[in-house]
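[1] I'll drop the sequence and a predicted model, then ask my questions.
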Amino acid sequence: MGSIAFEELSKTYPSGFAALSDLSLDIADGELLVVVGPSGCGKSTLLRLIAGLDRPTAGSIRIGGTKVNALSPAERNVAMVFQDYALYPNMTVRGNLEFPLKMRRVGRAERRRRIEQVASMLELAPLLDRRPAQLSGGQRQRVAMGRALVRDPVAFLLDEPIANLDARLRTQVRAEIAELQRRTGTTMIYVTHDQVEAMTLGQRIAVLNRGRLQQAASPRELYAHPANTFVAGFIGSPPMNLLPVRIERSGDIILPSFGGVPLPGRMRTPKDAAIAGIRPEAVRLAEVSSEGIAVRVREVEYLGHETLLHFAHEAGAASLIARLPGLPPFARGDAVRLRMAPEDWYFFDRNGQALG
Ligand code: ATP
């Protein structure tokens, strides 16, 4: 019932700005899909189109197999939870939960039953007589979720639902939302700009950039096989190092921005590679002084359990980040040599598309 499908969905605002272009994607009934991308990539636009708050310029949206392009928000029965929760400040928690049911002319006994059910599920029972101003951020979030849930919608649309919470509460509420989604089995589209949040939550993640779908895959797949340089440079913290590259006839890898020393390539290093990528955790220190490329430490970030080292080549401005366990004793300016194993490189063509 709650499957959602987009077919070549596009939205161009009257200003001529294309906020979404040719988006095609199928979301299964009961799936939790995370949509992630930088600010302005079209995430909220997508949710507004699904909810019916805005109309697409082209393409179609199907909910439960039915094309909903021409249906009003009320006819779609999807529940949107906004970042600011949009609770009614003058109503109690009970009033907030009851309002969408009254709007739908649900009878009094049924209203009471549903509110009790949702209040118990979200542990809101002790808070039912309070007003939003008397609640913590996390509690308000739960009320906003509860208000969406009482309606028994076919899908939840969550727009940065925990962005306003502090770090500790974010982790907790995020886990609660995922648990709630599993328990209810209701299709959920969860929008965030935070790739770490996306990676921890998503069974499947759709990465958007400039209104275009870049890749939709599991967290593991996005990390291991990014479809292009955008995904490679967006997923992971810090993300993949991306460097201009030239491949020698021998297969050796030349990094012009790092002195042009040939690094050993692998069998079948793609000849038309224009960009090479390597994850910070795959950049290692060379044990032999004749090995690897010579760099200097530009910045040291101690994080406790690990350290991020920024390296630069003597001559160039290009830099490379390595992620090493523990607290290696480096200081800015230290000269070191880096070793990068042939099998750890990713290659992309001049358009940024991944090469096999
Ligand atoms: P954020 O994470 O910052 O909320 P977003 O990915 O949700 O960003 P959208 O709100 O979907 O982005 O906006 C996508 C693009 O469309 C943005 O560049 C925005 O400026 C533009 N946009 C949004 N609404 C309108 C509008 N009514 N008219 C013109 N352009 C708009």
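    Received, thanks.

[2] for the chain, which residues are neighbours of the ligand?
    Residues of the chain lying close to the ligand (C-beta under 6 Å from any ligand atom) are 13, 15, 17, 19, 37, 39-45, 193. The C-beta positions use only the backbone N, C-alpha and C, and glycine is treated the same way.

[3] in JSON lines: those residues, plus pLDDT and secondary structure.
    Listed next are these as JSON lines, based on pLDDT from 0 to 100; DSSP: H, G, I helix; E, B strand; the rest coil:
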{"residue": "13", "pLDDT": "94", "secondary structure": "coil"}
{"residue": "15", "pLDDT": "93", "secondary structure": "coil"}
{"residue": "17", "pLDDT": "95", "secondary structure": "coil"}
{"residue": "19", "pLDDT": "96", "secondary structure": "strand"}
{"residue": "37", "pLDDT": "95", "secondary structure": "coil"}
{"residue": "39", "pLDDT": "92", "secondary structure": "coil"}
{"residue": "40", "pLDDT": "92", "secondary structure": "coil"}
{"residue": "41", "pLDDT": "95", "secondary structure": "coil"}
{"residue": "42", "pLDDT": "95", "secondary structure": "coil"}
{"residue": "43", "pLDDT": "94", "secondary structure": "helix"}
{"residue": "44", "pLDDT": "93", "secondary structure": "helix"}
{"residue": "45", "pLDDT": "95", "secondary structure": "helix"}
{"residue": "193", "pLDDT": "92", "secondary structure": "coil"}
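
[4] which residue does the stretch 101-250 of the chain bring closest to the ligand?
    In the stretch 101-250 of the chain, the residue that lies nearest the ligand is residue 193 (4.7 Å; C-beta to the nearest ligand atom).

[5] what is the longest helix of the protein by residue count?
    Counting residues, the longest helix found in the chain (DSSP state H) is helix 167-184.

[6] if you count neighbours, what's buried in it?
    Within helix 167-184, the residues that count as buried by 16 or more other C-beta atoms under 10 Å are 169, 170, 173, 174, 176, 177, 178, 180, 181.

[7] residues near the nearest residue to the first one once chain neighbours are set aside, how many?
    With C-beta to C-beta, 6 or more residues apart in numbering as the measure, residue 138 is the residue that lies nearest to residue 169, at 4.7 Å, once sequence neighbours are left out. Other residues near residue 138 number 17, with proximity taken as other C-beta atoms under 10 Å.

[8] quick check, residue 138 in contact with residue 173.
    Yes - with contact defined as C-beta atoms under 8 Å, residue 138 reaches residue 173; the gap is 5.4 Å.

[9] how close does the nearest residue to residue 314 once chain neighbours are set aside sit to the ligand?
    In this structure, residue 314 finds its nearest non-sequential neighbour in residue 296, 6.4 Å apart by C-beta to C-beta, 6+ apart. Residue 296 is 37 Å from the ligand, where distance means C-beta to the nearest ligand atom, to the nearest Å.
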